[in-house]
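Participant: Provided below are the primary sequence and the corresponding predicted coordinates.
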Amino acid sequence: MTTDRVRIVFDEGILGFEDIREYELLVDPEERGPFRWLRATSEKLAFIVVDPHLFWPDYDPDIAGACPDLVDGTDRKELSLYVIVTVPDNPLLATANRFAPLVVNGRTGKGRQVPLRGSGFPLAAHIFPEDIREGKVGLAGACPDAQVR
């Protein structure tokens with residue numbers, strides 16, 4: 001089992017961790033789940049991240065307006081969007097930071113966390129629907145390939 005490591009440099013760091021700028025996005029080609037690790041290369045620090053479109057297909061923040069220098073002249077296919085996930089003791093209550101997504105330019109390896117001031121996007125949005133959080137229905141269908149886990 002091999003894990004691909006994609007190096008990403010956040011010139012401005014990540015909010016709360018501005019001095020830590022170099023990270024690796026760990027991608028295990030055999031792992032079918034939506035979550036990834038974003039791990040600092042020089043510190044014992046890692047974040048769980050996910051593509052927000054897997055849980056909120058209509059999530060469409062104005063990234064070009066928020067960080068034109070990262071986006072200008074870049075094919076949209078070269079950009080990846082992630083949100084940082086917080087997992088409490090009960091994983092069904094996991095939330096994601098939709099207010100400040102991470103934008104990664106795959107061609108340059110540059111990334112930036114983009115606070116979307118005035119957007120109305122929440123800092124802590126529940127990942128799973130209320131029926132799942134309250135145990136009224138199961139996890140099947142809550143995320144990609146859930147039925148094969």
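Facilitator: Arrived safely, thanks for sending.
Participant: now the helices for this protein?
Facilitator: 63-66, 68-71, 130-133 (DSSP state H).
Participant: mean pLDDT lowest for which of these?
Facilitator: Mean pLDDT values for the helices of the chain show the minimum at helix 68-71, a mean of 71.
Participant: Show me what that helix is packed up against.
Facilitator: For helix 68-71, the packing partners by 3 or more Cβ pairs under 8 Å, 6 or more residues apart in numbering; DSSP states H and E come out as strand 102-105, strand 110-113. From N, CA and C alone the C-beta is placed, and that goes for glycine too.
Participant: Now the last one: average pLDDT?
Facilitator: If I follow you right, that is strand 110-113. 92.
Participant: Parallel or antiparallel, list what pairs with that strand.
Facilitator: Within its sheet, and counting by DSSP bridges, strand 110-113 is paired with strand 4-10 (parallel), strand 102-105 (antiparallel).
Participant: could you dump the helix or strand bottoming out on mean pLDDT in the chain to CSV, C-alpha only?
Facilitator: In the chain, no helix or strand scores lower on mean pLDDT, DSSP states H and E than helix 68-71, which sits at a mean of 71. Extracted in CSV, the C-alpha atoms of helix 68-71 (Å, rounded to 0.1, in the frame of the first residue of the first chain):
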residue,chain,number,x,y,z
PRO,A,68,-6.9,36.4,-7.8
ASP,A,69,-3.2,35.9,-7.7
LEU,A,70,-3.6,32.2,-6.9
VAL,A,71,-6.3,31.7,-9.6
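Participant: What residues of stretch 13-21 count as buried?
Facilitator: G13, I14, R21 (16 or more other Cβ atoms under 10 Å).
Participant: Do I have it right that the last one meets I8?
Facilitator: No. Taking Cβ atoms under 8 Å as the definition, R21 is not a contact partner of I8, at 9.3 Å.
Participant: taking the strands paired with strand 110-113 together, which one is wrapped up most tightly?
Facilitator: strand 102-105 (a mean of 22; mean count of other Cβ atoms under 10 Å).
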